[in-house]
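Novice: Turn this into a structure:
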Amino acid sequence: MSYTELVTRLDTCLDTLRHRQESGEDLDAEGLVDSLLERIQANTWLRGCFAGLVCICLLAAMIYFVWGLLPRSYNLSISGGDILSNRHQLAVALRDAGAKSGLHITVQPISGTFGILEAVNEKKIDVALIQGGLDVPLPNVRHVAMVMPETLHLLVRDDVRSLQDLKGKVVNMGSAKGGTRIIGEQVLDFSELTLGVDYAPSMYSAEELLALPEHKLPDAVLNISSVPSFVVEELVRQKDYHLLEIPFPKALAMRHGWVADSVLLPYTYKTTPPIPSKEITSLGVNLFMVAHKDVPAHAVLKLLDTLYSPAVRNIVRADIRPENIIQPSGYPNAEGTELFLKRNDPIFSEENLERLKALLGLLMSGLTFVLMALRWLRGKGESRALVEEEFRGYLDLTANCHAFLAGNGAGQQVAESERREVLWRMARLRAGVLERLAQVKTVEPTLAAALLQGLDSAQIRHTI
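Specialist: Just a heads-up that it's a prediction; the model follows:
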């Protein structure tokens, strides 16, 4: 083979190698990733964009965490019912204690649990304290916390000594929109006393009741409140009522899930004579805090921190426990309640690790899909047989180079300039072959070894 033909074939071969390396033919997944990274690294504009994106992400993360540390304030409105109720006093305690942590709370007295729930649902107020034992589905109301148990007080006049003595009597059930009426009806119905048949109801609020003259007072009064209750104490001390035991809380609990045991200790409301004179049983009803669904989650979180603070516990003198927060009220949990429950969870909890595994799996699946799509868009690569045929061509060309450098077997003298040009191109061919081998990774090892050995030996034999 003449010098011109040999150089032409070598240049053609080198051009073909360069084209195949740049086009990424026959790259596997690892090769595609390496090729992509090399191109990005070699492109100054892409490197600058990537560095800028990293800086923006880091800055955004820093701003997010700093923003979370900044003190924020919230304006909330809350109702605890009648202004004389213990719930109202709890709402006032939350207002006073919350002011120190950025909560600006306005207390709005609203009569009756049903009226309060309607106000929350319609966003007339943000938060409310309501009694349990009610089934009032409202789409915009969310559960914040179970606050504490309250006690059903049954106050009666002197001539009433048992539940059956209420026949023919007037029983005050609280305001028309109050939840006490529902609870009272269930309790009296269980005692086989029918509303409107065995007893007559009255619907006075606490304020109205305390303002009534003696001759208009009802024979019995139902009141649900934490102990001690201001309203109950006034009725006992000023209106001469006494407390009647409700002896069947466990039996009633088998029919109604809201019922809990409760006791009233001797001397709770009066010492002379003692009222009650002995420990008596009654019904426990949970007090819940609810909020409108659009109240900010961090506002609810601050409100819960305030609720469980020593300041509020000392004011209301009640055992308010965060362990009871998720006792069900019948409403979905508020977002702030979920934050309160999860904020002490470890970062590397089992749930978070499972989420991380799922995310990594999703990323790997996405990456695999992208690589397959790229491979498909590139078109079908060469088969293994074609790749081996390509490398056998390189081996044949290497043999031709050896023959030319040896004088084509006729002992002809090769010009020094031609020898150097051929050896230089063979060195470039060797470098291209090595890069091509890293791309395809499907060439028979013996074929690759023979090719590299032939290219190396040419440099050793024919370099002066």
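
Novice: what's the distance between the residue lying closest to residue 226 once chain neighbours are set aside and residue 206?
Specialist: The spatially closest residue to residue 226, leaving aside those adjacent along the chain, is residue 86, at 4.7 Å (Cβ to Cβ, 6 or more residues apart in numbering). Glycine gets a C-beta too; all of them are placed from N, C-alpha and C. Separation of residue 86 from residue 206 (Cβ to Cβ, to the nearest Å): 10 Å.

Novice: got it, and residue 81?
Specialist: Distance from residue 81 to residue 206, by Cβ to Cβ: 9 Å.

Novice: and the two? which has more neighbours close in?
Specialist: Comparing residue 81 with residue 206 by other Cβ atoms under 10 Å, the one with more neighbours is residue 81, at 30 against 27.

Novice: Contacts only, for the nearest residue to that one once chain neighbours are set aside.
Specialist: Excluding the flanking residues, the one nearest residue 81 by Cβ to Cβ, 6+ apart is residue 87, at 4.8 Å. If you count contacts by Cβ atoms under 8 Å, 6 or more residues apart in numbering, residue 87 has them with 80, 81, 129, 225, 287.

Novice: Buried ones in the strand or helix carrying residue 87, by neighbour count?
Specialist: When elements are assigned from DSSP states H and E, residue 87 belongs to helix 86-98. Across helix 86-98, burial judged by 16 or more other Cβ atoms under 10 Å covers 86, 87, 88, 89, 90, 91, 92, 93, 94, 95, 97, 98.

Novice: Same check on stretch 127-137?
Specialist: In stretch 127-137, counting by 16+ other Cβ under 10 Å, buried: 127, 128, 129, 130, 131, 132, 133, 134.

Novice: I'd assumed residue 290 was in contact with the second one.
Specialist: Yes - assessed by Cβ atoms under 8 Å, residue 128 is found in contact with residue 290 at 5.5 Å.

Novice: shared neighbours, those two?
Specialist: With Cβ under 8 Å, 6+ apart, residue 128 and residue 290 have common neighbours 117, 120.

Novice: circling back to that earlier point, mind putting the contacts of residue 87 in TSV, secondary structure and pLDDT included?
Specialist: Listed next are these as TSV, based on DSSP: H, G, I helix; E, B strand; the rest coil; pLDDT from 0 to 100:
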residue	secondary structure	pLDDT
80	coil	91
81	coil	89
129	strand	95
225	strand	93
287	strand	93
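
Novice: Can you convert these into CSV and add a column each for distance to residue 260?
Specialist: Converted to CSV, the contacts of residue 87 look like this (distance: Cβ to Cβ, whole Å):
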residue, distance to residue 260
80, 21
81, 20
129, 18
225, 15
287, 11
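
Novice: Spell out which residues make up each domain of the protein.
Specialist: 3-26+381-462, 74-148+288-342, 149-286 (automatic domain parsing).

Novice: need those domains in JSON lines with distance to residue 370, can you?
Specialist: Rendered in JSON lines, the data for the domains of the chain read as follows (distance: least, Cβ to Cβ, whole Å):
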{"stretch": "domain 3-26+381-462", "distance to residue 370": "14"}
{"stretch": "domain 74-148+288-342", "distance to residue 370": "34"}
{"stretch": "domain 149-286", "distance to residue 370": "54"}
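
Novice: most packed of those domains?
Specialist: Of all these, domain 74-148+288-342 carries the top mean neighbour count, a mean of 19, counting by mean count of other Cβ atoms under 10 Å.

Novice: check contacts around the closest residue to residue 93 other than its chain neighbours.
Specialist: Leaving aside its sequence neighbours, residue 93 sits nearest to residue 315 (Cβ to Cβ, 6+ apart; 4.1 Å). For residue 315, the contacting residues are 89, 93, 96, 97, by Cβ under 8 Å, 6+ apart.

Novice: ok, so of those residues, who is nearest residue 431?
Specialist: Proximity of the contacts of residue 315 to residue 431 was ranked by Cβ to Cβ; the top entry is residue 97 with 77.0 Å.

Novice: thinking the closest one is in contact with residue 310, fair?
Specialist: No - when contacts are counted by Cβ under 8 Å, residue 97 is not listed as touching residue 310 (9.2 Å).

Novice: Stretch 240-254 - what's its average pLDDT?
Specialist: Taken as a whole, stretch 240-254 carries a mean pLDDT of 92.

Novice: Please enumerate the strands of the chain.
Specialist: Listed in chain order, the strands found in the chain under DSSP state E are 74-79, 103-107, 127-131, 141-156, 169-172, 199-202, 220-225, 242-243, 260-264, 270-271, 274-275, 280-292.

Novice: Take these and write them to JSON lines, including distance to residue 251.
Specialist: JSON lines is the format used below for the strands of the chain (distance: least, Cβ to Cβ, whole Å):
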{"stretch": "strand 74-79", "distance to residue 251": "34"}
{"stretch": "strand 103-107", "distance to residue 251": "38"}
{"stretch": "strand 127-131", "distance to residue 251": "21"}
{"stretch": "strand 141-156", "distance to residue 251": "15"}
{"stretch": "strand 169-172", "distance to residue 251": "21"}
{"stretch": "strand 199-202", "distance to residue 251": "21"}
{"stretch": "strand 220-225", "distance to residue 251": "19"}
{"stretch": "strand 242-243", "distance to residue 251": "20"}
{"stretch": "strand 260-264", "distance to residue 251": "11"}
{"stretch": "strand 270-271", "distance to residue 251": "29"}
{"stretch": "strand 274-275", "distance to residue 251": "25"}
{"stretch": "strand 280-292", "distance to residue 251": "11"}
